[in-house]
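Undergrad: Give me a 3D structure for the following:
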Amino acid sequence: MDIPQVGNKAPDFNVPASNGQTIALKDFKGKKNVVLYFYPKDDTPGCTVEACAFRDSIKKIENADSIVLGVSPDRMASHVKFITKFNLPFLLLSDTEKKLCQDYGVWAEKSMYGRKYFGVARTTFIIDKQGKIADVFEKVKPQEHNTEVLEALKRL
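TA: Here you go, the predicted structure:
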């Protein structure tokens, strides 16, 4: 599936979250903007940098009437360890079936050392309160990404 574009209705989801509940996009409609970020794997270098940067910006993100939801194919136990280890103040969604990744077009062929495989293409979507895609960030650079997201949230 292709990546949803700015202005498109965001694909809905209903997936298990690290707080033990099931989270749906419609839970936030009319209430909060959603920073939905997809990352490859818990507790790996780039993913940790990205998650900690969101952690460090969480007050500014919340002040922009927004929440952060991280998504990876990791199991819930891995998410809970990752959250605890780095004191992450936001929910992580467990997409073990990769359905959410596919719905958002981020389950993609990758290549490392000449070997091809499928994995999560690091991508962030900002979804406005009406459930529409307000911004898309592809090929995210973990170190500076939180700043890009904060700038985008100011435009909403």
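Undergrad: where's the residue in the chain sticking out farthest from the centre relative to Thr44, distance?
TA: For the chain, the largest distance from the centre (CA atoms, centre = their mean) belongs to Gly114, which lies 27.5 Å off. Counting by CB to CB, to the nearest Å, the gap from Gly114 to Thr44 is 20 Å. Placement of C-beta: from N, CA and C, glycine included.
Undergrad: which intervals of the chain have sub-threshold pLDDT?
TA: 1 (pLDDT under 70).
Undergrad: Can you identify each of the strands in it by residue range?
TA: Ranges of strands in the chain, per DSSP state E, are 14-16, 22-24, 33-38, 66-72, 91-94, 107-112, 115-120, 123-127, 133-137.
Undergrad: For the fourth one, which residues meet the burial criterion?
TA: Put plainly, it is strand 66-72. Buried residues in strand 66-72, counting neighbours by 16 or more other CB atoms under 10 Å, are found at 66-72.
Undergrad: As CSV, those residues with distance to Lys98 would be great.
TA: Formatted as CSV, these follow (distance: CB to CB, whole Å):
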residue, distance to Lys98
Ser66, 25
Ile67, 23
Val68, 21
Leu69, 16
Gly70, 15
Val71, 10
Ser72, 10
